[in-house]
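Novice: quick one: sequence and predicted model below, then my questions.
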Amino acid sequence: MTQTSPYTLAELCIAAAADAWRNDGEVLATGITLMPRLAAGLAKLTVNPALMLTDGENHFVSEPVPVGPRNGYVPKVEGWMPFARTFDNLWGGKRHAMVVPTQIDRFGQTNISVIGDHAKPKAALLGARGYPGNSISHPNSYFVPTHNTRSFVAGEVDFVCGVGYNPARWPDGKKPAGLDLRMVITDLAVLDFSGVNKAMRVRSLHPGVTFDQVQDNTGFALARPEVIPETAAPTAEQLSIIRDRLDPHNLRATLFKGDPAGDRRLQDAA
C-alpha cells in the first residue's frame, strides 16, 4: 500500500499503536482514552478483524463506533457486554488493554495514583483503580503522550499501581502468570520490553527524532538495538479509516495540543 503525506503526529501514533493488537486473535481490545480507542478500532479494521470491541458502554459491536457526535450512526450491536463478561475476559487473559499511565519506570511499573509520597502527596490523581489486577491478568500496552523524565522516571514510580518486571515486587518472587507488557507509544518513539531481562527498548523512532533525544527525555537507560527503524508512516488506507470512519470530527487534533512542534517535526522530516 502507498503512503500518504502529510499526516499528523496523532495519526502516526494511532497507526503505530494499532500494531499492538496485530497478533492477538480473538481478544477484547480495550483502548482507554481517545488515542488507544482509535488505535483499537484501526486494528479491528486492518490487522486483526477477530478483535472484540465494545461500544464504550455495554454492548459488543461488529465494527468500531466513531468517536464524537454520531449524527445518525447506529452501532452494529452483536451482543450484551455487562461487567461480568468484561471480567471473564480480563481474568482469563483474553483482553489486551492500552492505557495511559502518569508515570512509568524501567521495569514497566506504572502509576496513576499519586505524585510524591503516598502519605502526603504533591498531587492526588485517580487512585490505582483496575491497574493492579489488569497488569497481572492479561497483556497491556501504554500510551504516554509526553515523553519526558517526569513520565519516564528514574528509580521506581512514586506509587506502583501496575505490576512490571521487577522481581522485588512479585509475591514470593514469582512472575505473575498473566504479566505481559507489550508496547509503549509516545510522541517521540515506540518502545517495547525486548531488552535483556525485559529492559525497555526503543523499537522505532518517529520521523526527525534521534535515539539521544529519546534517551535524554528518559530517567533510566534504554536498550538500544544496533539498527532502529523509523516509525512507519500511516498508509493511505489507514488515514482514510482514521479520518472518515473512526474520527470524522477530528477529535485527534486535541491529542498533542501542547506540542505543536510534533507536527512540524514530521513535516520537516518528510
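Specialist: Thanks, I have it. Residues are numbered from 1 along each chain as shown.

Novice: residues near G133, how many?
Specialist: Residues contacting G133 under the criterion other C-beta atoms under 10 Å number 16. From N, CA and C alone the C-beta is placed, and that goes for glycine too.

Novice: backbone dihedrals for it, both of them.
Specialist: When quoted as degrees, to the nearest 10, the phi and psi of G133 stand at phi -70, psi -40.

Novice: ok, now which ones touch it?
Specialist: Residues counted as contacts of G133 (C-beta atoms under 8 Å, 6 or more residues apart in numbering) are L90, W91.

Novice: how much space separates it from T86?
Specialist: Separation of G133 from T86 (C-beta to C-beta, to the nearest Å) stands at 12 Å.

Novice: one more: V160?
Specialist: Using C-beta to C-beta, one obtains 24 Å as the distance from V160 to T86.

Novice: and these two? which has more neighbours close in?
Specialist: Set side by side, V160 and T86 show unequal neighbour counts under other C-beta under 10 Å, the larger going to V160 at 21 against 15.

Novice: count the residues that sit near the residue nearest to W21 when sequence neighbours are not counted.
Specialist: Take W21 and drop its neighbours on the chain: the residue closest to it by C-beta to C-beta, 6 or more residues apart in numbering is A43, 4.0 Å away. The tally of other residues near A43 (other C-beta under 10 Å) stands at 27.

Novice: now G68
Specialist: 12.

Novice: separation between it and D263?
Specialist: Going from G68 to D263 by C-beta to C-beta gives 21 Å.

Novice: ok so, going back, does anything pack onto the helix or strand containing the residue nearest to W21? Which helices or strands?
Specialist: Assigned by DSSP states H and E, A43 belongs to helix 34-45. Judged by 3 or more C-beta pairs under 8 Å, 6 or more residues apart in numbering; DSSP states H and E, helix 34-45 is in contact with helix 9-18, strand 28-31, strand 53-54, strand 95-99, strand 140-144.

Novice: which of these sits closest to L125?
Specialist: L125 lies closest to strand 95-99 among the helices and strands packed on helix 34-45, at 13.1 Å (C-beta to C-beta).

Novice: quick one: average pLDDT of whichever helix or strand comes after that closest one?
Specialist: Using DSSP H and E, the helix or strand that follows strand 95-99 in sequence is strand 103-104. Taken as a whole, strand 103-104 has an average pLDDT of 98.

Novice: which residues sit against strand 103-104?
Specialist: T110, N111, I115, Y142, V144, R150, S151, F152, V153, V157, D158, V184.

Novice: ok so, going back, and the helices and strands packed on helix 34-45: which comes nearest D172?
Specialist: Evaluated over the helices and strands packed on helix 34-45, closeness to D172 peaks at strand 140-144, with 21.9 Å, by C-beta to C-beta.
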